[in-house]
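Trainee: Everything below, folded, please.
(chains A and B)
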Amino acid sequence: MSQKVRTRMAPSPTGEYHVGHIATLLKNYAWAKHNGGDFILRIEDTDQVRKVDGAVEKILSVIKDYGLDWDEGPEKGGPFGPYVQSERLEIYKEAAQQLLDNDQAYYCFATPEELTELRDRQRAEKLPPKYDGRYREYPKEEALKRVAAGEPYVIRLKVPKDVTVTFTDLLRGGISVESSNVDDQVLMKSDGFPTYHLAVIVDDHAMGITHVLRGEEWISSTPKHVLIYKAFGWEPPIYAHIPVFLSPDGKGKMSKRKGTVSAQSFLDSGYLPEALLNFFMILGWAHPDQKEILTLDEYIKYFDPKDISSKSVVFDVQKLQWLNGVYIRNLTDEELLDRLQPFIPADCSQEKAKEILPLIKERMATLSDFEAHTSFFYRNVTIDKEILTKKSTPEIVQEQLEETSHAMSNLESWSEEKLEEAIRSLQQNKDWKTKQYFMMLRYVVSGSAATPPLFSMISVLGKKLVLERLSAARAIL
RNA sequence: GGCCCCAUCGUCCAGCGGUUAGGACACCAGGUUUUCAUCCUGGUAACCAGGGUUCGAUUCCCUGUGGGGUCACCA
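Mentor: Purely as a prediction, here's the structure:
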């Protein structure tokens, strides 16, 4: 009997959505689609303290901006809703009660201060910080009395003594941990909200999740989760823990502290969503033919979580840039102009941008490079006499500028072809050094030594501007 | 520190007992070119160490070393 594959991503609205989350979401999405299954989005907002207003909307919109989507979840609904944990509080309460009734969980009245003090003491004695089980055997009648009296409490899982917890991870095979190393995890907090550990299990079970692909940082809490499944008498899903992204310097996992990590910021700095997704696809995984430029459909066709490398990967920005350049070059001019809209400076007209585009397309690594590559087309340039006369003398340059101005003024057509014809014949007649002359012209009209091809650039700049710049150059000599 | 995970060029991946250890990015050189970029060609560059197992280990096992993750009433 085969069950329909259902995967999920469960973001928590506590701040910016991380690129690693998109990468993990992509894998969940792809695996569901690979199997003709469904991908579910669920909001895990059980932390009332860290919750940020508006974060849910931002997360949903950034996921869509990356070109991904979900089958069930916020905005869409579905048969297992609601898909927001704060709207499911009753379900968790009942679940916790069930564990209490079966003696799989217990009330604990230790205050946060008490626990902090306990951990500090353990650390001072070089012992692993751990809950000491002080309320584990506390008489239930007493506990009930204190609860009834309104005393704050949490509910903890009664982790069985001396058992080995084993689970299978798709990338790593079997993983075993002794239950003595597993804390009596808090299931229900004193504010009546469940912890992640309880909520995730109750919901994954209720929503029929078959595969959990999540970050490697969860691997050490998986034994707790397996134990909770066992306490309920439920079957755990299949786990695959995806290695974390290491920061580009290769030291430690990518974090805010080490630079850009938010999913939105990569879009804002001019990376194309499809290039980003492609990057996430091939980071830690390879197409059977080692093909690296992949569409989402190709990825879905070949992706299998068991083939993901089990080692942490460095977030290689250079490779991302290369990929982004490839995607930019593959866009038609119309598509590119469209994508470029947020990156075109206010002082560059649409007409100008459209004209310039073909000249700089293969020079851009990110969309935000547009301004740096094009500003001289619509902004003033300053040139330096030193550079202007480099490889020549002021006298020769003066003559070159004068003759060039003259030749250009007489031009009846400002086409790239006519320009090239005129300038080349001038250069040949005068026997000027091609390199010096062309480079000098390039510098005069653009203020830069690295530009698009000379004649097409001059053509796009326009007669008026070019003649102005030629005479401005003559003036400083 | 305890527990867990991981280990092939600088980076990412291929290899799945016998290979001149392959590809991509980056880097270097050459070609195309008026510069830059694109594009093409070539090159440098790796099996963490020590023990086993085996006729034979990059590949399997153990130990060490190194890296990573995690130890909350956060997810």
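
Trainee: can you list the residues of the stretch 251-400 of chain A near RNA strand B?
Mentor: Applying CB under 7 Å from any atom of the strand, one finds that the stretch 251-400 of chain A approaches RNA strand B through A:251-253, A:282-286, A:290, A:292, A:307, A:309-314, A:316, A:318-319, A:321-322, A:325-326, A:329, A:362-363. Bear in mind the C-beta positions are built from the backbone N, C-alpha and C, glycine included.

Trainee: can you tell me which of the residues you listed are in helices?
Mentor: Counting by DSSP state H, these place A:282, A:318-319, A:321-322, A:325-326, A:329 in helices.

Trainee: which residue packs closest to the closest residue to RNA strand B within the stretch 151-300 of chain A, ignoring adjacent ones?
Mentor: For the stretch 151-300 of chain A and RNA strand B, the shortest gap (CB to the nearest atom of the strand) falls at A:Ala286, measuring 2.6 Å. Excluding the flanking residues, the one nearest A:Ala286 by CB to CB, 6 or more residues apart in numbering is A:Asp307, at 7.7 Å.

Trainee: quick one: that neighbour from A:Ile282, how far?
Mentor: Using CB to CB, to the nearest Å, A:Asp307 is found at 12 Å from A:Ile282.

Trainee: neighbour-wise, which of the ones in helices among the residues of the stretch 251-400 of chain A next to RNA strand B leads?
Mentor: Using other CB atoms under 10 Å as the neighbour test, those are led by A:Gly325, with 19 neighbours.

Trainee: ok, that residue - contacts?
Mentor: Shown here is A:Gly325, whose contacts under the criterion CB atoms under 8 Å, 6 or more residues apart in numbering are A:362, A:364-365.

Trainee: Check A:Glu235 too.
Mentor: Per CB under 8 Å, 6+ apart, neighbours of A:Glu235: A:Tyr229.

Trainee: hang on, the earlier thing: just put the ones in helices among the residues of the stretch 251-400 of chain A next to RNA strand B in CSV and tack on pLDDT.
Mentor: Listed next are those as CSV, based on pLDDT from 0 to 100:
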residue, pLDDT
A:Ile282, 97
A:Gln318, 95
A:Lys319, 97
A:Gln321, 97
A:Trp322, 98
A:Gly325, 98
A:Val326, 98
A:Arg329, 97
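
Trainee: Of the residues you listed, which is the nearest to A:Lys463?
Mentor: A:Arg329 (30.2 Å; CB to CB).

Trainee: Excluding residues flanking it in the chain, which one is nearest the closest one?
Mentor: With CB to CB, 6+ apart, the residue lying closest to A:Arg329 is A:Glu362, at 5.6 Å.

Trainee: Tell me the pLDDT of A:Arg257.
Mentor: We have a pLDDT of 69 for A:Arg257.

Trainee: Return the distance of the helix or strand harbouring A:Ala407 from the chain's centre.
Mentor: In the assignment (DSSP states H and E), A:Ala407 maps to helix A:394-409. Mean-position distance between helix A:394-409 and its chain equals 52 Å (CA atoms, centre = their mean, to the nearest Å).

Trainee: Give the buried residues for the helix or strand following that helix.
Mentor: From helix A:394-409 onward toward the C-terminus, using DSSP H and E, the following helix or strand is helix A:416-430. By 16 or more other CB atoms under 10 Å, the buried positions in helix A:416-430 come out as A:416, A:419-420, A:422-423, A:426-427.

Trainee: Dump the residues you listed to a markdown table, plus distance to A:Lys463 and pLDDT.
Mentor: Converted to a markdown table, the buried residues of helix A:416-430 look like this (distance: CB to CB, whole Å; pLDDT from 0 to 100):
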| residue | distance to A:Lys463 | pLDDT |
| --- | --- | --- |
| A:Glu416 | 13 | 94 |
| A:Leu419 | 10 | 95 |
| A:Glu420 | 15 | 95 |
| A:Ala422 | 12 | 94 |
| A:Ile423 | 13 | 95 |
| A:Leu426 | 16 | 94 |
| A:Gln427 | 19 | 94 |
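
Trainee: Tabulate these (a markdown table), appending distance to A:Ala263.
Mentor: Supplementary listing: the buried residues of helix A:416-430 in a markdown table, determined by distance: CB to CB, whole Å:
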| residue | distance to A:Ala263 |
| --- | --- |
| A:Glu416 | 42 |
| A:Leu419 | 45 |
| A:Glu420 | 46 |
| A:Ala422 | 51 |
| A:Ile423 | 48 |
| A:Leu426 | 54 |
| A:Gln427 | 52 |
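
Trainee: Out of those residues, which comes closest to A:Lys435?
Mentor: After measuring the buried residues of helix A:416-430 against A:Lys435 - CB to CB - the closest member comes out as A:Gln427, at 10.5 Å.

Trainee: any weak-confidence spans in chain A?
Mentor: A:1-2, A:250, A:257-258 (pLDDT under 70).

Trainee: now the strands for it?
Mentor: A:6-9, A:38-41, A:105-108, A:154-157, A:164-169, A:173-178, A:186-188, A:211-215, A:238-242, A:245-246, A:313-314 (DSSP state E).

Trainee: Can you check which of those gets nearest to A:Ala199?
Mentor: Counting by CB to CB, A:Ala199 lies closest to strand A:186-188 out of the strands of chain A; the figure is 9.1 Å.
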